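Participant: Sequence below, structure please.
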Amino acid sequence: MPNMSNHIHVITMGGTIDKDYPRLTSGYAFEFGDESAASRILNAHPNLGVSFDVKSICKKDSLEITDHDRRLLFDAVFKTFKSSSSSSSSSSQNPRIVVTHGTDTMIETALYLQRALGDNNCTSIAFTGATKPERFIDSDASFNVGLAVGATSVCSPGSVVICMNGNVVPADECVRTGDGIFTRR
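Facilitator: You can find the predicted model right below:
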């Protein structure tokens, strides 16, 4: 088992960050590819000093994410807690989790997860996404994923934060402005 302080569990839910150019149609009819954006981003930087694994829950636009999908996310996070607690006796080895998600309902899913975990949250969980697909040269995806990875190293256990636009905001204090910026309420 990897050192939890240097290992990132990435859980993907879909969203613009993971959208890819269409294979069969032209224009902007994006589809989801086989490899997640977070995996491509983290693999492109081998000297980060962290290892990671990726688990896909769904590949959906965030407007299509249901409470069933959110429950699957909760189950994956809870399973990560259980597997890390059984492999480590040190409380300093709490797992670090990054969730990639579409921006339209990211806050809603983060709040769902925070409520579902309640006092059982023993880790830092950072939600992130992108306003343009990671495949676009001017995407904010790599910036946001890096922000989320960094946030999991400094946020205290029990934290559920939104990492977008250079901001790390507790989920229960986060709002999205009319121009799409995630900020503190």
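Participant: Could you pull up the mean pLDDT of stretch 58-69?
Facilitator: Averaging pLDDT along stretch 58-69 yields 95.
Participant: do the same with stretch 151-167
Facilitator: 96.
Participant: For that stretch, buried residues please.
Facilitator: Residues of stretch 151-167 classed as buried: 151, 152, 155, 158, 159, 160, 161, 162, 163, 164, 165 (neighbour count, 16 or more other C-beta atoms under 10 Å). Where C-beta positions appear, they are placed from N, C-alpha and C, glycine not excepted.
Participant: now that stretch, how far from the centre of its chain.
Facilitator: Relative to its parent chain, stretch 151-167 has a centroid offset of 10 Å by C-alpha atoms, centre = their mean, to the nearest Å.
Participant: for stretch 108-124, same thing?
Facilitator: 13 Å.
Participant: Is residue 70 in contact with residue 109, as I believe?
Facilitator: Yes: taking contacts as C-beta atoms under 8 Å, residue 70 lies within contact range of residue 109: 5.5 Å.
Participant: so what sits against both of the two?
Facilitator: Shared contacts of residue 70 and residue 109, defined by C-beta atoms under 8 Å, 6 or more residues apart in numbering, are absent.
Participant: still on that earlier bit, including distance to residue 60, could the buried residues of stretch 151-167 go into a markdown table?
Facilitator: Converted to a markdown table, the buried residues of stretch 151-167 look like this (distance: C-beta to C-beta, whole Å):
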| residue | distance to residue 60 |
| --- | --- |
| 151 | 24 |
| 152 | 24 |
| 155 | 26 |
| 158 | 27 |
| 159 | 25 |
| 160 | 20 |
| 161 | 22 |
| 162 | 19 |
| 163 | 20 |
| 164 | 19 |
| 165 | 22 |
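Participant: got a list of contacts for stretch 119-127?
Facilitator: 77-78, 80-81, 84-85, 91, 94-101, 106, 109-110, 113-114, 147-149, 151-153, 155-163, 168, 171.
Participant: Residue 79: how many residues sit nearby?
Facilitator: 12 (other C-beta atoms under 10 Å).
Participant: The buried residues of stretch 151-167 in helices, which ones?
Facilitator: Counting by DSSP state H, the buried residues of stretch 151-167 place 151, 152 in helices.
Participant: Closest one to residue 9 out of the buried residues of stretch 151-167, please.
Facilitator: residue 152 (9.2 Å; C-beta to C-beta).
Participant: didn't that closest one look like it was pressed against residue 98?
Facilitator: Yes: counting by C-beta under 8 Å, residue 152 does reach residue 98; the two are 6.3 Å apart.
Participant: Overlap in contacts, those two.
Facilitator: In contact with both residue 152 and residue 98: 8, 125, 126, using C-beta under 8 Å, 6+ apart.
Participant: Nothing else from me, thank you.
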